[in-house]
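Chemist: model the structure of this input:
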Amino acid sequence: MEVELPDGRILEFPDGTSQDVMKAAIGRLLGKAPAEAAPERTFGQTLYENVIGSGEVDTPGERLGQTIYENIIGSGEADTPGERLGQYIRGGTAAVARGIADVPALPVNLAQLGAMGVEKALGMKEPSMLSRGLAALPDTREMLASIPVIGPQSEYVAPGTAGEYIATAGEFAGGAGAAAGPATMMRYGLLPGVTSEAAGQLTEGTALEPYARTAAALATPFAVNALQNKVQSIVSPMSGQLDPARMQAVETLRSAGVTPTAGQTVGGRVAQNQLYREAATERGRGLADEALEDFTAAALKSVGSNGRRATPEVLEEAATRIGRVFDEAATGVDISPSMQDLSKMSSALGTYREMAPRVTSAPIFENINSALVKSFRSGDPIPASNVASWRSTLSKLTTSADTATRQAAVQALDAVDDAINSSLVSAGKPEMVAQLSKARNQYRNLLAIERAAQRAEGGILTPAQLRTALLMQGRRRYVQGRGDLAPITRAGTEVLESLPQSGTQPRTIAQQLSAGAAGGTGAGLGALGLGVDPMLATAVGAAATAAPAIRNQFLSSPVGQKYFLNQLMSQAKPLSAGRAGAAMLPGLLAQ
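Modeler: Residues are numbered from 1 along each chain as shown. Sure, this is the predicted structure:
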């Protein structure tokens with residue numbers, strides 16, 4: 001291999017000679033030292049050079065890093081958004097610190113104001129000893145500023161008008177109490193501070209400035225509260241207005257499969273307009289009807305029926321099914337009454353004797369009582385056929401129009417069924433005891449439902465109808481909430497029977513339509529009076545006329561029902577001048 005040198009000489013190297021050997025030979029021939037290989041750069045060095053940089057700014061990474069540093073941390077004059085933001089953050093933090101420092105000085109500041117007022121009232125030309133003593137006390141802001149390293153930062157105020165707003169708002173926020181939470185600092189600190197500074201800027205240099213600052217700060221929490229209440233009434237119309245006791249009744253119905261309308265759920269005067277609006281739409285009336293049908297279905301479940309209306313066919317099926325249980329329990333089982341059975345029957349007879357006139361007395365109670373006493377004394381059981389006959393007769397008497405007969409029949413039936421239970425246990429049929437107990441409860445419920453159904457339209461029971469029937473069975477039992485039907489009936493009476501009684505349904509609809517027509521006419525005429533094009537004014541009137549109907553349709557829809565009941569916004573706490581003034585006092589004095 002031949003290599004030509006710069007001076008024209010030619011060097012020959014054996015084939016396969018490496019480049020390093022050839023370079024070294026050429027260097028020696030030309031009188032130069034072997035060239036040193038350039039040091040390799042590590043990945044970290046390359047990353048540092050391109051991101052952080054070293055020496056001149058000569059890489060894209062260094063230029064990007066310098067831009068970020070300049071805009072966030074800053075160097076030299078504050079001429080970038082990042083640097084100005086940093087100033088504002090620094091100024092806000094310092095202002096909050098000053099506001100917190102003003103809180104311990106509050107008693108002294110108030111005492112100084114009081115002393116100045118007394119001195120002025122007395123016409124004193126020189127400060128009193130008390131004023132001089134108070135003025136000599138250490139200033140809490142100066143004490144804060146004297147803390148090494150961080151103290152001097154508390155005196156910083158960001159430049160410009162924005163800095164003045166930040167300083168005032170921060171001092172109010174710190175004085176309202178940084179430990180009280182964001183809501184308190186916002187309501188009694190930041191917002192009053194901003195409005196106070198705005199009022200001060202508008203009246204700067206005038207005698208009104210201190211009064212404007214104070215008035216604006218004090219008015220702000222109440223203005224915010226009023227705005228919050230307005231927004232709340234739009235977002236959550238019933239926020240904080242759901243009565244806990246009523247909601248328990250609503251939950252009782254819902255657990256039984258009954259869904260009240262939104263107006264029924266709230267109830268009372270609060271939901272009166274909603275109830276009218278639901279009643280004014282076919283969909284709303286359908287929701288109310290469906291709630292009553294669900295109520296009827298819940299009542300029928302207590303007798304083992306899957307029906308949704310208490311029709312004669314449904315009631316007959318339930319009576320037949322329950323009767324078969326009684327017949328099976330009493331078949332072939334003679335009863336031997338116990339002393340407890342005699343006591344119960346004697347009580348039933350006593351009730352009847354006390355309430356029923358002698359001329360109309362029914363002999364069955366005397367006959368059953370005598371038969372039980374005779375069997376107990378002789379030890380001879382009473383045939384099952386006799387017991388079945390008693391049950392059939394007493395069951396019919398439990399629906400008697402005569403109060404004495406009805407109440408005595410209920411008590412006597414309990415006594416006979418207890419005697420049957422004892423005999424079933426003795427006969428080795430304990431499983432029938434449970435079935436008979438369930439059938440007894442169902443039969444009691446069926447009696448109440450049958451009485452209520454006598455006045456029901458289309459087999460739809462109302463809570464009022466069922467309540468009357470349960471009270472006739474036993475007032476104390478209903479009041480105490482005993483039985484399957486009492487809880488849902490009481491809940492239904494409270495919730496479902498809440499439609500305002502100010503007129504019939506057609507009258508309600510007519511009122512809604514007339515109100516919409518009147519509003520539409522007024523809107524159209526008003527638009528014409530303002531010089532609006534007649535066609536546009538007519539459109540405005542038509543829209544205003546249709547608005548109430550559209551609103552009613554929305555509030556009766558599934559979405560509208562959920563909207564009316566939503567509790568997304570909690571009830572705003574009432575504000576008082578004393579509470580607002582106390583929270584803002586440090587900030588006001590600092591001004």
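Chemist: so what's the residue count around residue 480?
Modeler: Close neighbours of residue 480, defined as other CB atoms under 10 Å, add up to 10. Every residue, glycine included, has its C-beta placed from N, CA and C.
Chemist: which residues are in contact with it?
Modeler: In this structure, residue 480 makes contact with residue 486, judged by CB atoms under 8 Å, 6 or more residues apart in numbering.
Chemist: out of the helices and strands in the chain, which is least certain?
Modeler: Sorting the helices and strands of the chain by mean pLDDT, DSSP states H and E puts helix 505-529 at the bottom, at a mean of 50.
Chemist: now residue 12, what are its backbone angles?
Modeler: Main-chain torsions, residue 12, degrees, to the nearest 10: phi -110, psi 130.
Chemist: and residue 209, backbone torsions?
Modeler: The main-chain torsion angles of residue 209 are listed as degrees, to the nearest 10 and equal phi -50, psi -50.
Chemist: which pLDDT does the model give it?
Modeler: Predicted confidence (pLDDT) for residue 209: 89.
Chemist: any idea how far it lies from residue 197?
Modeler: Taken as CB to CB, to the nearest Å, the spacing of residue 209 relative to residue 197 amounts to 11 Å.
Chemist: tell me which of these two has more neighbours.
Modeler: Neighbour totals were compared for residue 209 and residue 197, and residue 197 leads with 23 against 16 (other CB under 10 Å).
Chemist: got a list of what that one touches?
Modeler: Contacts for residue 197 were tallied using CB under 8 Å, 6+ apart; they are 164, 165, 168, 169, 213.
Chemist: excluding chain neighbours, give the residue nearest to residue 116 in space.
Modeler: residue 131 (6.8 Å; CB to CB, 6 or more residues apart in numbering).
Chemist: that neighbour contacts residue 118, correct?
Modeler: No: taking CB atoms under 8 Å as the contact criterion, residue 131 and residue 118 are not neighbours in contact, 9.2 Å apart.
Chemist: between these two, who's got more neighbours?
Modeler: Comparing residue 131 with residue 118 by neighbour count (other CB under 10 Å), the higher total belongs to residue 131, at 18 against 13.
Chemist: list the contacts of residue 196.
Modeler: Taking CB under 8 Å, 6+ apart, we find residue 196 in contact with 168, 172, 213, 214, 216, 217, 220, 587, 588, 591.
Chemist: could you rerun that using 10 Å?
Modeler: The contact partners of residue 196, taken as CB atoms under 10 Å, 6 or more residues apart in numbering, are 165, 168-169, 171-172, 212-220, 584, 587-588, 591.
Chemist: buried residues in the helix or strand encompassing it?
Modeler: Remark: residue 196 resides in helix 191-202, with elements defined by DSSP states H and E. Neighbour-count burial for helix 191-202 flags 191, 192, 193, 194, 195, 196, 197, 199, 200 (criterion: 16 or more other CB atoms under 10 Å).
Chemist: try stretch 119-130
Modeler: Neighbour counts using 16+ other CB under 10 Å place residue 119 of stretch 119-130 among the buried residues.
Chemist: mean confidence (pLDDT) on that stretch, please.
Modeler: For stretch 119-130, the per-residue pLDDT averages 82.
Chemist: what about that stretch, start to end distance?
Modeler: 10 Å (CA to CA, to the nearest Å).
Chemist: what does it rub up against?
Modeler: 111, 112, 114, 115, 116, 118, 131, 132, 133, 134, 135.
Chemist: quick one: buried ones out of those?
Modeler: 112, 115, 131, 134.
Chemist: could you dump those residues into JSON lines with secondary structure and distance to residue 259 added?
Modeler: Formatted as JSON lines, the buried ones among the contacts of stretch 119-130 follow (DSSP: H, G, I helix; E, B strand; the rest coil; distance: CB to CB, whole Å):
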{"residue": "112", "secondary structure": "helix", "distance to residue 259": "65"}
{"residue": "115", "secondary structure": "helix", "distance to residue 259": "68"}
{"residue": "131", "secondary structure": "helix", "distance to residue 259": "72"}
{"residue": "134", "secondary structure": "helix", "distance to residue 259": "68"}
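Chemist: thinking the residue nearest to residue 116 is in contact with residue 115, fair?
Modeler: Yes: with contact defined as CB atoms under 10 Å, residue 131 and residue 115 form a contacting pair (4.6 Å).
Chemist: dump stretch 135-148 to CSV, restricted to CA.
Modeler: As requested, C-alpha coordinates have been extracted for stretch 135-148 and formatted as CSV (Å, rounded to 0.1, in the frame of the first residue of the first chain):
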residue,chain,number,x,y,z
ALA,A,135,-48.5,52.5,71.0
ALA,A,136,-45.3,51.4,72.7
LEU,A,137,-46.3,47.8,72.5
PRO,A,138,-44.4,45.7,69.9
ASP,A,139,-45.9,45.7,66.4
THR,A,140,-46.8,42.1,65.3
ARG,A,141,-45.9,42.8,61.7
GLU,A,142,-42.5,44.2,62.7
MET,A,143,-42.0,41.1,64.9
LEU,A,144,-42.8,38.9,61.8
ALA,A,145,-40.3,40.9,59.7
SER,A,146,-37.6,40.5,62.2
ILE,A,147,-37.5,36.7,61.8
PRO,A,148,-34.2,35.7,60.1
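Chemist: next, the buried residues of it.
Modeler: Within stretch 135-148, the residues scored as buried using 16+ other CB under 10 Å are 140, 141, 144, 145.
Chemist: turn the residues you listed into CSV, including distance to residue 15.
Modeler: Output for the buried residues of stretch 135-148, formatted as CSV (distance: CB to CB, whole Å):
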residue, distance to residue 15
140, 92
141, 89
144, 86
145, 85
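Chemist: identify the farthest-apart pair in these.
Modeler: 140 and 145 (9.8 Å; CB to CB).
Chemist: mind listing the strands for the stretch 1-150 of the chain?
Modeler: Taking DSSP state E, counting those that start in this stretch as the criterion, the stretch 1-150 of the chain carries its strands at 2-4, 10-12.
Chemist: for these, which one sits closest to residue 483?
Modeler: With CB to CB as the criterion, residue 483 lies closest to strand 2-4 of the strands of the stretch 1-150 of the chain, at 117.7 Å.
Chemist: next, format the contacts of residue 197 as a markdown table and append neighbour count and secondary structure.
Modeler: Listed next are the contacts of residue 197 as a markdown table, based on neighbours: other CB atoms under 10 Å; DSSP: H, G, I helix; E, B strand; the rest coil:
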| residue | neighbour count | secondary structure |
| --- | --- | --- |
| 164 | 16 | helix |
| 165 | 21 | helix |
| 168 | 28 | helix |
| 169 | 25 | helix |
| 213 | 26 | helix |
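Chemist: tell me the one of these nearest residue 322?
Modeler: residue 169 (75.3 Å).
Chemist: show me what contacts that closest one?
Modeler: Taking CB under 10 Å, 6+ apart as the definition of contact, the neighbours of residue 169 are 92, 95-96, 99, 185, 189-197, 587.
Chemist: contacts only, for the closest residue to it other than its chain neighbours.
Modeler: The spatial neighbour of residue 169 that comes closest, neighbours along the chain excluded (CB to CB, 6+ apart), is residue 193 at 3.3 Å. With contacts defined as CB under 10 Å, 6+ apart, residue 193 is in contact with 95, 99, 165-176, 185, 213, 216-217, 220, 584, 587, 590-591.
Chemist: what about 8 Å?
Modeler: Shown here is residue 193, whose contacts under the criterion CB under 8 Å, 6+ apart are 165, 168, 169, 170, 171, 172, 173, 217, 587.
Chemist: quick one: low-confidence parts of this protein?
Modeler: Within the chain, the ranges that satisfy pLDDT under 70 run 1, 7, 21, 29-79, 178-181, 330, 358-361, 498-546, 571-583, 590-591.
Chemist: residue 439 contacts residue 325, correct?
Modeler: Yes: with contact defined as CB under 8 Å, residue 439 and residue 325 form a contacting pair (3.9 Å).
Chemist: neighbour count winner among those two?
Modeler: When neighbours are counted by other CB under 10 Å, residue 439 comes out ahead of the other of residue 439 and residue 325, with 23 against 18.
Chemist: please, which helix or strand holds that one?
Modeler: Assignment of secondary structure by DSSP H and E places residue 439 within helix 430-453.
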